[in-house]
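sharing a model that was predicted from the sequence below.
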Amino acid sequence: MTTVAVGAAPQKSSNFYLGFLFLSKQRQEALGAVYGFARVVDDIVDGGEFSDEEAAKELDFWDQEVERLFEGKQEHPITIAIEPHVKRFNLPEEGFVELVKGVRMDLEKSRYETFEDLEQYTFGVAGAVGLLCVEIFGYKKTSAEDIRAYALAMGNAFQLTNILRDVGEDLERGRIYLPLADLKEAGCSEEMIISRRHTPEFKSLMNREYQRAKEFYREARSRLHPDDRVSMTSAEVMAHVYEALLDQIKEEDFRVQFQRVRVPTWRKLILAVKAWLYCRGVF
């Protein structure tokens, strides 16, 4: 069984850190508990500690522990920390279940044929977390249908941004998340990706995914009722930072095969202020 700090905030270097700071203490504790769960589950597969067989068994434990959590029989310190927030914020079981399922997909697949196939993965590792986060942040005017669409669109936008940033790092794990159908349409072969060739075809592929991610950011914002923007300030701070990262990837000509593009801390602070103002209708 893996261990992690219970209720820990994201590290200051994380793109989620600034959003965390805009929450009340109670909501910080809830988000910290969910973050701790997501971190420990993700590290089972990507932490390098376990073989695939061992990782699958660890994930089995967390599947069972989620069941126990919603029966009030949780055993692990992380789920013990989550339990009061489940009741306080009405956190959906689906969010935890689908997160474990999404992480498990990394043990089962290293390629995705279409974006629709990939979207099953982005739902698990990002959208499901979004479903938990929107309940913690709170909303009043946005309908249940629209808040779900908001969470899933933001999840897609964030995860696509991560995928574009991490092309080189994912190759080290033998993974290509870019949809193979999109590779074919752009005239970009798997071999081009694996050999890290910065070709016009690769840039065309990356630009296609860039535009797709931008559309998800637009869709998410269109789904949120304007009166709920203030309560979603933390989400919008994260979105401003992530969208800036996406734009920077494009500005650097999609040169992600050998480097990890980052947004400087000073710029993140400016983006956080802009997000705060946006949520209050200033611009």
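Here it is on my side, so go on. Computed from a predicted structure; not experimentally measured.

report the buried residues of the helix or strand where residue 41 lies.
Using DSSP states H and E, residue 41 sits in helix 25-46. For helix 25-46, the neighbour count (16 or more other CB atoms under 10 Å) marks 27-45 as buried. Bear in mind the C-beta positions are built from the backbone N, C-alpha and C, glycine included.

for that helix, which helices and strands make contact with it?
In terms of contact count using 3 or more CB pairs under 8 Å, 6 or more residues apart in numbering; DSSP states H and E, helix 25-46 is assigned the packing partners helix 17-21, helix 52-69, helix 77-89, helix 93-108, helix 128-137.

out of the ones you listed, which comes closest to residue 245?
Closest to residue 245 of those, according to CB to CB: helix 17-21, at 12.8 Å.

since we're on residue 206, how many residues are nearby?
23 (other CB atoms under 10 Å).

what is the burial count for residue 83?
The tally of other residues near residue 83 (other CB under 10 Å) stands at 18.

any idea which helix or strand carries the closest residue to residue 255 other than its chain neighbours?
Spatially, and ignoring its direct neighbours in sequence, residue 255 is nearest to residue 198 (6.4 Å; CB to CB, 6 or more residues apart in numbering). Per DSSP H and E, residue 198 falls between elements, in no helix or strand.

check what pLDDT the closest residue in space to residue 202 that isn't next to it in sequence gets.
Ranked by CB to CB, 6+ apart and with sequence neighbours excluded, the top spatial neighbour of residue 202 is residue 188, at 5.3 Å. If you check residue 188, the pLDDT there is 97.

and if you look at residue 48?
pLDDT, read off for residue 48, is 88.

specify the local secondary structure of it.
When classified by DSSP: H, G, I helix; E, B strand; the rest coil, residue 48 comes out as coil.

how near is it to residue 200?
Noted for residue 48: a distance of 35 Å to residue 200, by CB to CB, to the nearest Å.

then residue 73?
Residue 73 sits 57 Å away from residue 200, going by CB to CB.

cool, and residue 20?
On the measure of CB to CB, residue 20 and residue 200 end up 40 Å apart.

more neighbours, those two?
It is residue 20, of residue 20 and residue 200, that has more neighbours when counted by other CB under 10 Å, with 19 against 10.

so the more buried one sits right up against residue 28, yeah?
Yes. The criterion here is CB atoms under 8 Å, and residue 20 meets it with residue 28 at 6.3 Å.

what ranges do the helices span in the stretch 101-250 of the chain?
Secondary structure of the stretch 101-250 of the chain (DSSP state H, counting those that start in this stretch): helices at 115-122, 128-137, 144-165, 167-172, 180-186, 190-194, 200-223, 233-251.

could you list the buried residues of the third one?
Going back to what we said before, that points to helix 144-165. 146-165.

next one: the first one
Along helix 115-122, the positions that meet the burial threshold by neighbour count (16+ other CB under 10 Å) are 115, 118, 119, 121, 122.

over to the longest one?
Using 16+ other CB under 10 Å as the burial criterion, the residues of helix 200-223 that qualify are 201-203, 205-206, 208-210, 212-214, 216-217, 219-221, 223.

ok, the fifth one next?
Neighbour-count burial for helix 180-186 flags 180, 182, 183, 186 (criterion: 16+ other CB under 10 Å).

could you export the residues you listed as JSON lines, including distance to residue 193?
Output for the buried residues of helix 180-186, formatted as JSON lines (distance: CB to CB, whole Å):
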{"residue": "180", "distance to residue 193": "10"}
{"residue": "182", "distance to residue 193": "11"}
{"residue": "183", "distance to residue 193": "7"}
{"residue": "186", "distance to residue 193": "11"}
